[in-house]
Structures are given as structure tokens and as C-alpha cells.
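Asker: Provided below for reference: sequence and predicted model.
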Amino acid sequence: PGFHTKLARSYGSAGMWEAALVSLIGMKSIGCKPNTNAFNGLMNSLIKAGYSDEAYRVYLKMLDVGCRPDSYTLGVLTKGFCKVGKIDEACVLLKELKEQDCVPNVTVYNLLLDGLGRAGKLNEASKLFEEMSKQGFRPDVVSYNTMIAMFGKSGKVDRACRIFQQSKENKCSPDVITYTSLIHALCKKGKLDEAWKLFEEMKSDGFVPDVITHTVLLDALCKSGRELEALELLEALEMGDCVPDVVTYTSLLYSLRMTGKVDEASTLFARMVEKGCHPDVVTFNALLAGVCKSGDVDGAFRNFAEMQDMGLKPDGYTYNALIDVLCKTNDVEEAFNVFEKMMDDGCNPDLITHTQLINGLCKAGRVEDACSHFKDMTERHCIPDAIAYNTLIYALGKSGKALDAYELFHLMKKKACHPN
RNA sequence: AUAUUGGGUUGCUCGCCG
């Protein structure tokens, strides 16, 4: 059975759900039947690899062969739904399974909280957070951490701190993640002093900050222009026992390169490699951002070639950065070539890709083309946000098409997209 | 040994400061 489940999970990671099922069901050839755990494991593999719909099919098959779902099943599927933005379906499933006396647990609620947060539905998350206690599920440290991180990411430090207060009142012990999330929230708002205070506080309370905690602080130093202090922190880490990782180095590389410190960035890049820390696609993208900022198209493509020489696959960020630098250097034609290449390469253009192209067309005086691209974009199920509307509204207004601009402005409001 | 939380990279405009 171990072999069959392992094989099934491998198929799952490749999205081959049918082959995976054959492997699971094939257990009967050795006189075994796949149990709930085996199905849960397969669904998890599928979801981790981005095959949520396929996971749901496996779920149906599992019911079909008479396997009862348990709280893990519910958890895995909740994650799957949330990952593809189908939060409502996750809630429906929760209700359904509750009626079949499949008991949800705190983990399931935590998954929902996180899913709501990532979908930007903070109010609904807060409501659920209050609701869960009433339903008899006491929030645990993960619940609190999830809420803190979610408020922190959207710039609501005060609310994050209130949740922290609340967790103390409810006698829920914080952990390193709690503190790191709060420190991150403070840093994001530029409150570095308070962040450092909390950092000291956590240490004196006996918590051991890890590489992530330190990287949050280092990144904040970089982003507020204190690269020297960031470098000092890095050196301290390199000498201590909290080893900096690729994220730590990338954060510094990004700031150095963004602020034009090209040589320092190169030196640091060499140093990280020397320390056995391998740059990843984000590292290259971070450097690429700096190259693009200076409008250096050739340099951008050199970076693009170099990352592939190192065996790294460009992602959406990479292509978007290239498209943007081309648009900004008045080469929309080439930007569209990269756009094609991106799709050939299996990268899905996103809202940012389209907005950049629309902006590029506008700047090249091709406002009509921009409008039709905007239309194409919506037909490709890419829902414009305020920035996308602004881009086109601004260009329309500037090119004397005030009426069209006004019309789009109304459309934007009609689509419940808040003008800023 | 089957599920949940923290760090780095990409888009518009405007304002403030230099």
C-alpha cells in the first residue's frame, strides 16, 4: 500500500489524477483498499501542484468507492478551493459535511480565515474569526497568527496589534511567527523603532528569532535607505548561527541594485554564491528590476539569458519586467513579441502584464489599440482593477477623449471598482 | 506521517520631500 500511495502522489504532483486513481484503486491487486488517508494525500499533492479541480474529482471518486471524508479531507479541499478563489464553495462544502456529521476543526477554520484574507475579504475573515469561537472552536495560535499577518499585509498595524492583545487576553501563547508577523506589519508602515523594540521584547521573553525574523528587519532597513546597517546585520548573521538564506541576500541585492549600487550588488552576488547560497528566479528578478529601472533593455535581456544559463526558468515577474522596460523605452512592438513568448513558455499573462501593455500602447499614442486590448483582457477573464482603469482613463483624458474617459469612469464604478 | 499561519522580485495616477 505504501508503494501505491506514493506512486499516486507522484502522479498527483504531475496533475495526472486519473493515473493516480488507477494506482490507488489498484491496491486491491495486493488485497488492500485505499483508505481516507490515501485519498487525502493524493488530493493534497494535486492541490499543491495547482490542480484543485482535479482534486475535487478525486474527492467524488472517494465518496463513490465508499470512503468517508474526515476533517483532513475537509481541510485539504478547503485549501484547494481557496487557492483558486472559490471561497464560497469552500463554505458550502463545510456546511455539507457538517450535516453529514463530519466534524470540522480549528484547522479548517484557519484555512478559511487565510483564504478569505488572501482574497482580500478582510471583513468576512474577521466575522468568521468571531464566529468560530461561538461555534465552539477556540482560535489557536495559528488562527491569531493568520489574522495578524493578514492585517499586517494590508497595512492595518493597529488591527494586527489588537489581535495580538486579544490573544494575550485569551491566554494563547504567541510564538516566533506571531512576533515576526507583527514586526513585519510595523516595518511595512515604516515603524522601524517599534519593530526593533518588539524584536528585543521577544528575545527577552525567551523567543529565538529565526532567519525570517532577521530578514524582515533587514529588508525594512534596506527599504528605508539604511543599506549600511542592513549590511552590518547581514555580516552579523553570516558570523552567527542564524544563517542568511537566498531571501536575505535577495532583499539586499534588490535595494543595492535599485539604488544604482551596481558594483556592490555584484560583489554581494559573488559572496552569496561563495557561501553556497544559490540565487533563484526571484534573485534574478530582483536584479532585473534594477536594470529595468535604468531603462537598460540590453542589460535586461542579458539578465534574462543569464538566469536561463543557470538553469532557472523565467516566471511571470520576469516577463512582466521585460515587457515593462520595453514599453517604457517606446518599443511596444517588441513588448508584444515578449508577450507572445511568455505565453509560448507556459506563463499566463496576468492583470499586470495587460496593464503594462495598455500603458505602452497609450504612451506610443495608440490609444485605440489600448482600448481594444483592454477589451481583449476582460474577455480573457482578467478583471481590471483600479490601476488598470486609471491607466486607460488617464490616457483617454490626455488625448482629448474626455467623453470616453468619463464613460470608462462610470463603468469602473458600476463594476464595483473603487476610483481612487 | 494525510490538511492551516511569518520574510525577497513586476503595472497607472496624484501628492509631499530632495
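Answerer: Nice, I can see it.
Asker: Quick one: name the residues of the stretch 1-150 of chain A near RNA strand B.
Answerer: Contact residues (C-beta under 7 Å from any atom of the strand) of the stretch 1-150 of chain A with RNA strand B: A:5, A:36-37, A:40-41, A:44, A:70-76, A:79, A:105-108, A:110-111, A:114, A:141-142, A:145-146, A:149. Bear in mind the C-beta positions are built from the backbone N, C-alpha and C, glycine included.
Asker: Next: the stretch 201-350 of chain A.
Answerer: A:209-213, A:215-216, A:219, A:244-248, A:250-251, A:254, A:279-283, A:285-286, A:288-289, A:315-318, A:320-321, A:324, A:328.
Asker: Quick one, which of those are buried?
Answerer: Buried members of those, scored by 16 or more other C-beta atoms under 10 Å, are A:209, A:212-213, A:215-216, A:219, A:244-245, A:247-248, A:250-251, A:254, A:279, A:281-283, A:285-286, A:288-289, A:315, A:317-318, A:320-321, A:324, A:328.
Asker: Can you name the residues that contact A:Y317?
Answerer: Residues counted as contacts of A:Y317 (C-beta atoms under 8 Å, 6 or more residues apart in numbering) are A:281-282, A:285.
Asker: element containing it?
Answerer: Element membership for A:Y317, per DSSP states H and E: helix A:316-328.
Asker: CA atoms only: put the next helix or strand after that helix into CSV for me.
Answerer: Where DSSP H and E defines the elements, the next helix or strand beyond helix A:316-328 is helix A:332-344. Extracted C-alpha coordinates of helix A:332-344, given in CSV (Å, rounded to 0.1, in the frame of the first residue of the first chain):
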residue,chain,number,x,y,z
VAL,A,332,5.7,48.3,-27.8
GLU,A,333,6.2,46.0,-30.8
GLU,A,334,8.9,44.1,-29.1
ALA,A,335,6.9,44.1,-25.9
PHE,A,336,4.2,42.2,-27.7
ASN,A,337,6.8,39.8,-29.0
VAL,A,338,7.8,39.1,-25.4
PHE,A,339,4.1,38.8,-24.6
GLU,A,340,3.8,36.0,-27.2
LYS,A,341,7.0,34.4,-26.0
MET,A,342,5.7,34.4,-22.4
MET,A,343,2.6,32.5,-23.5
ASP,A,344,4.6,30.0,-25.5
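Asker: Show residues contacting helix A:332-344.
Answerer: A:316, A:319, A:322-323, A:326-327, A:349, A:353, A:356-357, A:360-361, A:363-364, A:366.
Asker: Taking those, please make a ChimeraX selection of just the buried ones.
Answerer: The ChimeraX command for the buried members of these (criterion: 16+ other C-beta under 10 Å) is given here:
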select /A:319,322,323,326,327,349,353,356,357,360,361,363,364,366
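Asker: averaged over its residues, what pLDDT does the helix or strand harbouring A:D376 have?
Answerer: Using DSSP H and E, A:D376 sits within helix A:367-379. Helix A:367-379 comes out with an average pLDDT of 96.
Asker: Any part of it near RNA strand B?
Answerer: No - Helix A:367-379 is not in contact with RNA strand B by C-beta under 7 Å from any atom of the strand; minimum separation 9.8 Å.
Asker: can you state the direction angle for that helix and helix A:332-344?
Answerer: On the basis of axes from the mean of the first three to the mean of the last three C-alpha atoms, to 10 degrees, helix A:367-379 is oriented at 10 degrees to helix A:332-344.
Asker: Keeping just the C-alphas, turn the helix or strand that comes right after helix A:367-379 into CSV.
Answerer: Downstream of helix A:367-379, the first helix or strand assigned by DSSP H and E is helix A:386-398. Extracted C-alpha coordinates of helix A:386-398, given in CSV (Å, rounded to 0.1, in the frame of the first residue of the first chain):
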residue,chain,number,x,y,z
ALA,A,386,-8.4,50.5,-10.2
ILE,A,387,-4.9,50.8,-11.7
ALA,A,388,-5.9,49.3,-15.0
TYR,A,389,-8.9,51.7,-15.2
ASN,A,390,-6.7,54.6,-14.2
THR,A,391,-4.2,53.8,-16.9
LEU,A,392,-6.7,54.0,-19.7
ILE,A,393,-8.8,56.8,-18.2
TYR,A,394,-5.7,58.9,-17.9
ALA,A,395,-4.6,58.3,-21.4
LEU,A,396,-8.1,58.9,-22.8
GLY,A,397,-8.3,62.2,-21.0
LYS,A,398,-4.9,63.2,-22.1
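Asker: No more questions from me, cheers.
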